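**Q** below are the sequence and a predicted model; questions follow.
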Amino acid sequence: MIDFRALAQKYDTPLYIYDFNHISGQYEKLKKAFSGRKSMISYAVKANSNLSVISHLAKLGAGADCVSIGEVKRALSAGVPKYKIIFSGVGKRDDEIEEALREDILLLNLESEAEMERVECIAEKMGVKARISVRVNPNIDPKTHPYISTGLHENKFGVDIETAKRIYIHANNSDHLDPVGIHFHIGSQLTKLEPIKEASAIVADLVRSLLAIKIELKFFDVGGGLGIVYDDETTIEPYDYAQAILGTLHGLDITVVCEPGRFIVGNAGFFLTRVLYEKMNDGKRFIIVDGAMNDLLRPSLYNAYHRVEVVGKEGNETEADVVGPVCESGDFFAKNRPLPPTDHDDLIVVHSAGAYGFVMASNYNTRPRPAEVAIVDGKARCIRQRETFEDLVRLETMCL
Ligand code: LLP
């Protein structure tokens, strides 16, 4: 049990809280599910990139899936070995490519022929051979929110099968490219197994046809996307997920890589906020709290559901919206939820806030980003201080 009152008193609100034991449990569940094969769990750093979170996972043996050189540097600083770091992303800058090659990370994941040419050219200039994989877009509808669906040709991600083949053949004949892997990621918050299985089968077929022309890949990266329970979703069991993928890999001696973000950290996280006021607008009840959309954007951006709970109170529930102080009607955490009457300084916990919470926070309305606290074996430790006004204006100069 997390003592939210004590944490609010010690660290103030709004506050992010992460249960590190839950993170370990999720990692171990997935690792175990793939235990019949060579596998690597490459944590998708974008979901929660706090250094302590990454380092906790690195100690358990996780690799890192990164989408900017900043994330690569975070992974390295947090102790992820370079040979477990993958650099993905549809638009890498030249300087990012160069730095990734200099750091000699496991591989760069290519998303276009144009990018392949850039990587080859930079590797040639540096006199190195770049290990690469290709992100294949299998044109599968993952049946999730359109903003987080990525595996259809109408999305900007990856290349089609024919282009992928051309890239592999070119790379295989190049002095500066070494094709070592293949990758797909069809979307996030996936709750249906079938699209993953279908995508995996398509990509495995491609791996077999490459093998037939003597291009032998070492890594089969199935992306991330495993969904979690926010409300009452039926989710995919890690064992079934692993079996569905492994079932497509007959005849292949290949290491399975997966890149979960949300599954690892989502339900480990809580966002704690304090009630400021209640008010009624013509019969509509609002609970106004000190956290806002700038701190936790998911409800505003995706209309995402997060369970909310008033700490230590129940009964006499009536429907209310939980809203923040930001000057936008889209600034809400919950709509029309049955909640007990609240008083000034009551605490509200927003659940499932560990993934895509703090990392998507901004300073909109000149609001300092919240502090982050880790709970390790029941003990709380601050892993990021609350920003101050001075932090927010530090890089600005008045030109007159
Ligand atoms: N690998 C790749 C290539 C990805 O694009 C992503 C997520 C992941 C792995 C990790 O996916 P996960 O296991 O966390 O589902 N901000 C959105 C989610 C965006 C996901 C982007 N890509 C949200 O709050 O729902």
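**A** Cool, the structure landed.
**Q** flag every residue of the stretch 151-300 of the chain that's near the ligand.
**A** Within the stretch 151-300 of the chain, the positions adjacent to the ligand are 185, 188-189, 223-226, 259-263, 298 by C-beta under 6 Å from any ligand atom. Glycine gets a C-beta too; all of them are placed from N, C-alpha and C.
**Q** ok, Arg386 - how many residues close by?
**A** 16 (other C-beta atoms under 10 Å).
**Q** how near is it to the ligand?
**A** Per C-beta to the nearest ligand atom, to the nearest Å, Arg386 is found 22 Å from the ligand.
**Q** nearest spatial neighbour of that residue, skipping sequence neighbours?
**A** Distances taken as C-beta to C-beta, 6 or more residues apart in numbering put Ala371 closest to Arg386, at 4.0 Å, once the chain neighbours are dropped.
**Q** do Leu272 as well
**A** In space, Leu272 is closest to Leu15, 4.5 Å off (C-beta to C-beta, 6+ apart).
**Q** got phi/psi on that neighbour?
**A** phi -150, psi 140 (degrees, to the nearest 10).
**Q** dump the residue contacts of it.
**A** Leu7, Ala8, Phe271, Leu272, Thr273, Pro370, Ala371, Glu372, Val373 (C-beta atoms under 8 Å, 6 or more residues apart in numbering).
**Q** using CSV, lay out those residues together with secondary structure.
**A** Output for the contacts of Leu15, formatted as CSV (DSSP: H, G, I helix; E, B strand; the rest coil):
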residue, secondary structure
Leu7, helix
Ala8, helix
Phe271, strand
Leu272, strand
Thr273, strand
Pro370, coil
Ala371, strand
Glu372, strand
Val373, strand
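**Q** for the stretch 201-350 of the chain, just list every one of the helices.
**A** Assigned by DSSP state H, counting those that start in this stretch, the stretch 201-350 of the chain shows helices spanning 238-246, 262-265, 298-302.
**Q** which residues in the stretch 151-300 of the chain form strands?
**A** 177-183, 219-221, 255-258, 269-281, 284-289 (DSSP state E, counting those that start in this stretch).
**Q** wait, which of the ones you listed is closest to Ile245?
**A** Ile245 lies closest, by C-beta to C-beta, to one member of the strands of the stretch 151-300 of the chain: strand 255-258, at 6.5 Å.
**Q** what domains does the record give for this structure?
**A** 4-15+267-388, 34-260 (automatic domain parsing).
**Q** next one: the last one to chain centre, how far?
**A** This means domain 34-260. Distance, stretch centre to chain centre, for domain 34-260: 13 Å (C-alpha atoms, centre = their mean, to the nearest Å).
**Q** got phi/psi on Val326?
**A** phi -70, psi 150.
**Q** identify the residue nearest it in space, chain neighbours excluded?
**A** Ala292 (4.3 Å).
**Q** Lys284 versus that neighbour, what's the distance?
**A** Ala292 sits 19 Å away from Lys284, going by C-beta to C-beta, to the nearest Å.
**Q** who has more neighbours, these two?
**A** Shown here are Ala292 and Lys284; by other C-beta under 10 Å, Ala292 has more neighbours (25 against 11).
**Q** now the more buried one: how far from the ligand?
**A** 16 Å.
**Q** what's the closest of the contacts of Leu15 to Tyr356?
**A** Phe271 (11.6 Å).
**Q** hmm, that closest one is touching Asp295, no?
**A** Yes: under the criterion of C-beta atoms under 8 Å, Phe271 lies in contact with Asp295, with a separation of 6.9 Å.
**Q** coming back round to it: need the residues of the stretch 151-300 of the chain next to the ligand in TSV with pLDDT, can you?
**A** As requested, these are exported to TSV (pLDDT from 0 to 100):
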residue	pLDDT
His185	95
Ser188	94
Gln189	96
Gly223	97
Gly224	97
Gly225	96
Leu226	97
Glu259	98
Pro260	98
Gly261	98
Arg262	98
Phe263	98
Arg298	98
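**Q** now list the buried members of the residues you listed.
**A** Buried subset of these (neighbour count, 16 or more other C-beta atoms under 10 Å): 185, 188-189, 223-226, 259-263, 298.
**Q** so where is the stretch 201-350 of the chain shaky, pLDDT-wise?
**A** Within the stretch 201-350 of the chain, not a single segment meets pLDDT under 70.
**Q** distance-wise, check the residue most central in space within the chain relative to Pro238.
**A** Closest residue to the average C-alpha location of the chain: Ala47 at 2.6 Å, with C-alpha atoms, centre = their mean. To Pro238, Ala47 is 17 Å away according to C-beta to C-beta.
**Q** try Lys192
**A** For Lys192 relative to Pro238 (C-beta to C-beta), the value is 15 Å.
**Q** neighbour-wise, which of the two wins?
**A** Neighbour count, other C-beta under 10 Å: between Lys192 and Pro238, Pro238 has more, with 20 against 15.
**Q** enumerate every residue touching that one.
**A** Lys29, Leu30, Lys32, Ala33, Leu226, Phe263.
**Q** what do you get for Phe184?
**A** Arg135, Val136, Asn137, Pro138, Gly151, Gly158, Ala199, Ser200, Val203, Asp221, Val222, Gly223.
**Q** of those residues, which is the nearest to Ile86?
**A** Asp221 (7.2 Å).
**Q** now the closest one, which residues is it bridged with?
**A** His183, Val257 (DSSP bridges).
**Q** so what's the residue count around it?
**A** 28.
**Q** correct me, but it touches Cys258?
**A** Yes: using C-beta under 8 Å, Asp221 makes contact with Cys258 at a distance of 7.3 Å.
**Q** and for the two, which residues touch both?
**A** Ser42.
**Q** the ligand: which of the contacts of Leu15 is nearest?
**A** Phe271 (13.0 Å; C-beta to the nearest ligand atom).
**Q** neighbours of that closest one, how many?
**A** 28.
**Q** what separates it from Leu347, distance-wise?
**A** Counting by C-beta to C-beta, the gap from Phe271 to Leu347 is 11 Å.
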